[in-house]
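Pasted the sequence and its predicted model underneath.
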Number of protein chains: 2
Amino acid sequence: MPRVSQEHLDARRNQILTGARACFARHGYEGATVRRLEEAIGLSRGAIFHHFRDKESLFLAVAEDDAATMVATVADNGLVQVMRDMAARAHEPEITGWLGTQLEVSRRLRTDPLFAKRWAQRSDAIAQATRERLERQREAGVLRADVPIDRLQRFLELAHDGLVLYLAMGRSVDDIEPVLDLIEEAVRRR
Amino acid sequence: MPRVSQEHLDARRNQILTGARACFARHGYEGATVRRLEEAIGLSRGAIFHHFRDKESLFLAVAEDDAATMVATVADNGLVQVMRDMAARAHEPEITGWLGTQLEVSRRLRTDPLFAKRWAQRSDAIAQATRERLERQREAGVLRADVPIDRLQRFLELAHDGLVLYLAMGRSVDDIEPVLDLIEEAVRRR
């Protein structure tokens, strides 16, 4: 039997994550049954769970995929840009649905320490990228100098989480851009 | 048969809402079965649903109860004070659990227009109180004058929602006070 190429493995992994994301977005965490995951991904459960240990691992892999994209955007353009990108896609049910599914697991984050630990790796990566970006901005002199960086970081994280909740709850984000400007302005040098 | 006094009705209603809140906070929306609601409230399903049409109405009544408290706090001290009060109680599982249960219904808010409409009455009351408070503050000259009130209002709502998500996801709010100061400062006259 020939060895499966890395390229093939990566393509298969992407197929699984894309289908799983759509399925979680549409049906929520509990509603994304193994049968629905099979349909959305177009592979048998055997093939899916050859790549991912279980549904929880699959969910966390989709979330990690998001986190990697966010980290890249934060590094280049900051957390407010992540918010602008989210707001621009607020009309897509897959975006709001997937954010909503992340809210649904909040109970497990509070009650299941192992799950919380796995999730925290995702949040930590974003937090670190935000911090590094803020440090570079402070060195460049564009950041306000009177407030410690960790306070500005948490302020931005709070605003980001607020937008997540806004979108997941189906609230309108019409004219949100000037509000995001206000957030950006609050961390900048006057 | 003597008529039931208003006082008795109010006491009964309070008993139901208090028990229901604890039950929703602990078990989530789906997990708060009728049996568990009976146990938490200490009344039979017949007695409970004599006062509230169904579980959804009970859930919304608890949420409206919250909204009334929030509206009073906003009117007196503003939305940031609501956030300070929430943060001060972040260690209480009943608080974070109840916030988490509100997140769990986000899917229904996006997919069930009637439910969304009932929920919106709650949000609208808080939004209006926030707006009125901001208008009074602008007249008093303590608010920054260069940004329209509706933008400041949405900024504060976004920050508030961010704190809700923070707490519901079990994230630490240690040292959050200076971050709330930053939010307050962003809407004030310099």
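Great, that's in hand.

Do me a favour and average the pLDDT over the helix or strand containing A:Leu99.
For A:Leu99, the element it lies in under DSSP states H and E is helix A:93-104. Regarding helix A:93-104, the rounded mean pLDDT is 93.

Which positions in it come out as buried?
For helix A:93-104, the neighbour count (16 or more other CB atoms under 10 Å in any protein chain shown) marks A:95-104 as buried. Where you see a C-beta, it was placed from the backbone N, CA and C, and this is true even at glycine.

could you dump those to CSV with distance to chain B?
Formatted as CSV, the buried residues of helix A:93-104 follow (distance: CB to the nearest CB, whole Å):
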residue, distance to chain B
A:Ile95, 11
A:Thr96, 6
A:Gly97, 7
A:Trp98, 11
A:Leu99, 8
A:Gly100, 5
A:Thr101, 8
A:Gln102, 9
A:Leu103, 4
A:Glu104, 6
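
which parts of chain A sit against chain B?
A:28, A:30, A:93, A:96-97, A:100, A:103-104, A:106-107, A:109-110, A:116, A:123, A:147, A:151-152, A:154-155, A:157-166, A:168-171, A:176, A:178-179, A:182-183, A:185-186 (CB under 8 Å from any CB of the partner chain).

which among the residues you listed end up buried?
Burial by neighbour count, 16+ other CB under 10 Å: within the residues of chain A next to chain B this picks out A:28, A:96-97, A:100, A:103-104, A:106-107, A:109-110, A:116, A:123, A:147, A:151-152, A:154-155, A:157-166, A:168-171, A:176, A:179, A:182-183, A:186.

Filter these down to just the ones in helices.
A:28, A:96-97, A:100, A:103-104, A:106-107, A:109-110, A:116, A:123, A:151-152, A:154-155, A:157-166, A:168, A:179, A:182-183, A:186 (DSSP state H).

Just want to check the distance between A:Arg13 and A:Val62.
Distance, A:Arg13 to A:Val62, by CB to CB, to the nearest Å: 11 Å.

Contacts only, for the residue of chain A at minimum distance from chain B.
Nearest residue of chain A to chain B: A:Gly162, at 3.3 Å (CB to the nearest CB). By CB atoms under 8 Å, 6 or more residues apart in numbering or on different chains, the contact list for A:Gly162 reads B:157-163, B:165.

mind running it again at 6 Å?
Listed by CB atoms under 6 Å, 6 or more residues apart in numbering or on different chains, the contact partners of A:Gly162 are B:158-159, B:161-162.

Next: A:Leu143.
By CB under 6 Å, 6+ apart, the neighbours of A:Leu143 are A:Gln137.

The same query, at a cut-off of 8 Å, please.
A:134, A:137, A:149, A:152, A:187-189.

now those: which count as buried?
Neighbour-count burial (16+ other CB under 10 Å) applied to the contacts of A:Leu143 gives A:134, A:137, A:149, A:152, A:187.

correct me, but the first one touches A:Arg151?
No. Between A:Leu134 and A:Arg151 there is no contact, the gap being 10.2 Å when judged by CB atoms under 8 Å.

rewinding a little: out of A:Arg13 and A:Val62, which sits in the more crowded spot?
Counted by other CB atoms under 10 Å in any protein chain shown, A:Arg13 and A:Val62 do not tie: A:Val62 has more neighbours, with 24 against 14.

Okay, and that one sits in which element?
Using DSSP H and E, A:Val62 falls in helix A:55-77.

Now do that helix and helix A:93-104, the angle between them.
110 degrees (axes from the mean of the first three to the mean of the last three CA atoms, to 10 degrees).

coming back round to it: may I ask which two of the contacts of A:Gly162 are separated the most?
The largest separation in these, counting by CB to CB, is between B:Ala159 and B:Asp161 at 7.4 Å.

Now do the least confident helix or strand in chain A by mean pLDDT: which elements does it pack against?
Within chain A, confidence by mean pLDDT, DSSP states H and E is lowest for helix A:106-111 among all helices and strands, at a mean of 90. Packing contacts for helix A:106-111, counted by 3 or more CB pairs under 8 Å, 6 or more residues apart in numbering or on different chains; DSSP states H and E, involve helix A:113-139, helix B:93-104, helix B:149-168.
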